[in-house]
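[1] Need a 3D model of the sequence below.
(chains A and B)
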Protein chains: 2
Amino acid sequence: VAGAAPDDLLAAARAGDRGALARLISIIERGGEEARRVGRAAHGPGIDATTVGITGAPGAGKSTLTNALLETVRKGGDRVAVLAIDPSSPFSGGALLGDRVRMGDHTLDDGVFIRSMATRGHVGGLAVAAPEAVRVLAATGYPWVILETVGVGQVEIDVMAQADTTVVVVTPGWGDAVQANKAGLMEIADVFVVNKADRPGADDAARDLERMLKMSPSAGWRPPVLCTTATTGAGVPEVWQAVVDHRAHLAAGGELRERRRRRAAEEVTRLVAARLLDRARAVTAGPRAAELADAVANGDIDPWTAADELLGE
Amino acid sequence: VAGAAPDDLLAAARAGDRGALARLISIIERGGEEARRVGRAAHGPGIDATTVGITGAPGAGKSTLTNALLETVRKGGDRVAVLAIDPSSPFSGGALLGDRVRMGDHTLDDGVFIRSMATRGHVGGLAVAAPEAVRVLAATGYPWVILETVGVGQVEIDVMAQADTTVVVVTPGWGDAVQANKAGLMEIADVFVVNKADRPGADDAARDLERMLKMSPSAGWRPPVLCTTATTGAGVPEVWQAVVDHRAHLAAGGELRERRRRRAAEEVTRLVAARLLDRARAVTAGPRAAELADAVANGDIDPWTAADELLGE
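    You can find the predicted model right below:
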């Protein structure tokens, strides 16, 4: 399918060709005109997936929990995709997780698709690319898309803001609920999971989270706190049930529609910003920009004056 | 000093008025024209501070280590400031750490200044604001500025890229060195600290880090791996010595100058981008933008077409 048109790739992916699907996601990851063509082809009324965000500190066991959730979802018969959101380091570029390794037991199950996505140096890239990738997955027959993050920074929180349901994973060893609070995770969680619950301190961690949830005023949905041992699968079906319950809650109250409207507005804003950022990069790539940077480093001119000159203002 | 001109505020801050200094940082945090006036007033040849980044997962004890480092620096006689970089959650806004609490034993020591900085909803805000805040601190008599992050995401790594020396803090409980690697921390670390070294597993964590460092090729500086118990101060002077050694290494090899030149170029690029982003926000705030977002959410038009229309393209 090398060099194939977006429509052909989409048709192949719909027919179960996972290579074609992987190629579509790569195109979106790279951005630019080809990504735009894919996005347009995948877009249309009624094309929609439910997105489930899985986030938490590195080492909380998010990948293991995600893999265990896949088992549960597949037992119910639904097709499900995973996008592992991995803002790459500024120096290495590229996704760090091995998708092949991640596939594990699901290699032969074409109801499961797992893919890492990295920024590839694109400013705001993942926040722009993730919703497009979700749309492609929706258009090729995946009604559920799990968005899994590696870290817990601003990019990850931006991506999580695009999920219908956000699952925050903590561990007894990670520290206490205060840390989840500091990282801004309390406010985005729809479901809390204390993973590695076979370790000492799990009950304390769950109790701390419950206590903090009681202190924060909430109308409507109250995030459940669930304990899992993802390595054995203990507690995992309950997590998926909470996700399904939360989705039903959102749909019943009209919030699912409202969230999607807000996300569409955000997506358009990011696309406008990305277009303008491309212009900024073009402006600051020339030799005059290098001269001005030297002058700023020497303290000869201030950075705003340099920016003004480059923008021709 | 309310309503005072930037030059007056800077003069007051230079004379030891920490209220004036806090106000200058707030102005920079808010951005816009007033921030620009402050930045210009603080800018000039020879105005320079050495920046030390402290990063690591939430719960690693970064705040405690930073406070312990302040003791060491002050014993040597140098003035030192801390900027706690705290990309706020998309919903709450504002810094989560209490600066007053942080000041602790240093309340009466005017050689120490501690301030949290948040994004306040500014896209790319901290990466733009942090170097300006460092410049103001340099201009008001702080030769050392410690940049401390709350999380370990992309914004934090962007901010760390502005530090002369980056200290990465891990704990035995945090998981192993593989997690530091996943989060992109191995590549930015100039000094590794295994904090909470009184807990079991500290030696293993240090050994894992040493092993991973041996595998990654490095010309020149080889990051030391140091064990601390920040709560008691054990090992903390050695960390500061490593920071001082690293700075001397950078200066001797000419890399300090080269890093500053690169940072100046990056700062100008970000300012250009921020200016264009302001335009993007203006463009996407109107009623037509809301109509287009509805159309995108319904699948009637694709987001690129909406972005095109808003940009008048």
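[2] drop to CA atoms for contacts and neighbour counts, all remaining ones
    Fine.
[3] And the average pLDDT for the host helix or strand of A:R74 is what?
    Under the criterion of DSSP states H and E, A:R74 resides in helix A:62-75. Taken as a whole, helix A:62-75 carries a mean pLDDT of 94.
[4] Please identify the buried residues of it?
    Within helix A:62-75, the residues scored as buried using 16 or more other CA atoms under 10 Å in any protein chain shown are A:62-73.
[5] And stretch A:269-283, by the same measure?
    Neighbour-count burial for stretch A:269-283, with 16+ other CA under 10 Å as criterion, is recorded at A:269-277, A:280, A:283.
[6] Could you give the average pLDDT over it?
    For stretch A:269-283, the mean per-residue pLDDT is 76.
[7] again with stretch A:156-165
    Confidence over stretch A:156-165 (mean pLDDT, whole number) is 82.
[8] same check, this time on stretch A:81-96
    Computed over stretch A:81-96, the mean pLDDT rounds to 57.
[9] Same question for stretch A:44-52.
    Mean pLDDT, computed over stretch A:44-52, is 88.
[10] what's the burial count for A:A41?
    A count of neighbours around A:A41, defined by other CA atoms under 10 Å in any protein chain shown, yields 17.
[11] Let's verify it: helix, strand, or coil?
    Following DSSP: H, G, I helix; E, B strand; the rest coil, the label given to A:A41 is helix.
[12] for the one 10 residues further on, same thing?
    Secondary structure, three-state DSSP: A:T51 is strand.
[13] And for the one 3 residues further on?
    What three-state DSSP gives for A:I54 is strand.
[14] Against A:A248, how distant is it?
    As defined by CA to CA, to the nearest Å, A:I54 lies at a distance of 18 Å from A:A248.
[15] From the buried residues of stretch A:269-283, which land in strands?
    Using DSSP state E, no member of the buried residues of stretch A:269-283 falls within strands.
[16] and those near chain B, which?
    Checked against chain B using CA under 8 Å from any CA of the partner chain, these give the following subset in range: A:269, A:271-273, A:276-277, A:280.
[17] any idea which of the residues you listed is the one closest to A:I85?
    Sorting these by distance to A:I85 puts A:L271 at the head of the list, at 18.7 Å, by CA to CA.
[18] what pLDDT does the residue nearest to the closest one when sequence neighbours are not counted get?
    Counting by CA to CA, 6 or more residues apart in numbering or on different chains, the nearest residue to A:L271 once its immediate chain neighbours are dropped is B:A307, at 6.2 Å. Among the per-residue scores, B:A307 shows a pLDDT of 87.
[19] before we move on, what about A:V169?
    Looking at A:V169, its pLDDT stands at 90.
[20] before we move on, what about the one 5 residues further on?
    In the predicted model, A:W174 carries a pLDDT score of 56.
[21] Can you tell me how far A:R222 is from A:A242?
    From A:R222 over to A:A242 the distance is 11 Å, taken as CA to CA.
[22] Helices along the stretch 151-300 of chain A, start to end?
    Along the stretch 151-300 of chain A, the segments classed as helices by DSSP state H, counting those that start in this stretch run A:154-160, A:177-182, A:202-215, A:236-252, A:255-283, A:287-297.
[23] Single out the most deeply packed of those helices.
    With neighbours defined as mean count of other CA atoms under 10 Å in any protein chain shown, those peak in mean count at helix A:154-160, which reaches a mean of 22.
[24] Quick check: which helices or strands does that one pack against?
    Using 3 or more CA pairs under 8 Å, 6 or more residues apart in numbering or on different chains; DSSP states H and E as the contact test, the elements touching helix A:154-160 are strand A:50-55, helix A:125-139, helix B:154-160.
[25] TSV for those, including distance to B:D208?
    What follows is the helices and strands packed on helix A:154-160, written out as TSV (distance: least, CA to CA, whole Å):
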stretch	distance to B:D208
strand A:50-55	25
helix A:125-139	31
helix B:154-160	22
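[26] Minimum distance to A:I157: which of the ones you listed has it?
    strand A:50-55 (8.5 Å).
[27] Direction included, what does the closest one pair up with?
    With DSSP bridges as the criterion, the sheet partners recorded for strand A:50-55 are strand A:144-149 (parallel), strand A:165-170 (parallel).
[28] Could you save these as JSON lines and add columns showing mean neighbour count and distance to B:W144?
    Conversion of the strands paired with strand A:50-55 to JSON lines gives the following (neighbours: other CA atoms under 10 Å in any protein chain shown; distance: least, CA to CA, whole Å):
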{"stretch": "strand A:144-149", "mean neighbour count": "26", "distance to B:W144": "34"}
{"stretch": "strand A:165-170", "mean neighbour count": "28", "distance to B:W144": "35"}
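[29] can you put the ones you listed in JSON lines and add distance to A:V136?
    As requested, the strands paired with strand A:50-55 are arranged in JSON lines below (distance: least, CA to CA, whole Å):
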{"stretch": "strand A:144-149", "distance to A:V136": "11"}
{"stretch": "strand A:165-170", "distance to A:V136": "19"}
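[30] Tell me which of the helices and strands packed on helix A:154-160 sits nearest to A:L9.
    With CA to CA as the measure, helix A:125-139 is the member of those nearest A:L9 (10.6 Å).
[31] For the closest one, name the packing helices and strands.
    Secondary structure elements in contact with helix A:125-139, counted by 3+ CA pairs under 8 Å, 6+ apart, are helix A:6-14, helix A:18-30, helix A:32-42, strand A:144-149, helix A:154-160, helix A:255-283.
[32] Of all the ones you listed, which one is nearest B:A230?
    Minimum separation from B:A230 across those (CA to CA) falls at helix A:154-160, 27.0 Å.
[33] that's a helix at A:G44, yeah?
    No: the assignment for A:G44 (three-state DSSP) gives coil, which keeps it out of a helix.
[34] what sits against it?
    Under the criterion of CA atoms under 8 Å, 6 or more residues apart in numbering or on different chains, the neighbours of A:G44 are B:298-302.
[35] Could you do A:V136 as well?
    Contacts were defined as CA under 8 Å, 6+ apart; by that measure A:V136 touches A:10, A:24-25, A:38-39, A:42-43.
[36] from those, which two are the most distant?
    Greatest spatial distance in these: A:I25 and A:H43, 14.3 Å, computed using CA to CA.
[37] Top of the contacts of A:G44 by number of neighbours, please.
    Going through the contacts of A:G44 with other CA under 10 Å as the criterion, the one with the most neighbours is B:D302, at 23 neighbours.
[38] does that one really touch A:A42, like I thought?
    No: counting by CA atoms under 8 Å, B:D302 sits too far from A:A42 to count as a contact (9.2 Å).
[39] Let me know the closest of the contacts of A:G44 to chain A.
    Using CA to the nearest CA, the shortest approach to chain A within the contacts of A:G44 belongs to B:G299, at 4.1 Å.
[40] ok, for that closest one, nearest residue in space, not its chain neighbours?
    Distances taken as CA to CA, 6+ apart place A:P45 nearest to B:G299, at 4.1 Å, with adjacent residues excluded.
[41] who's in contact with the one you found?
    Counting by CA under 8 Å, 6+ apart, A:P45 touches B:298-300.
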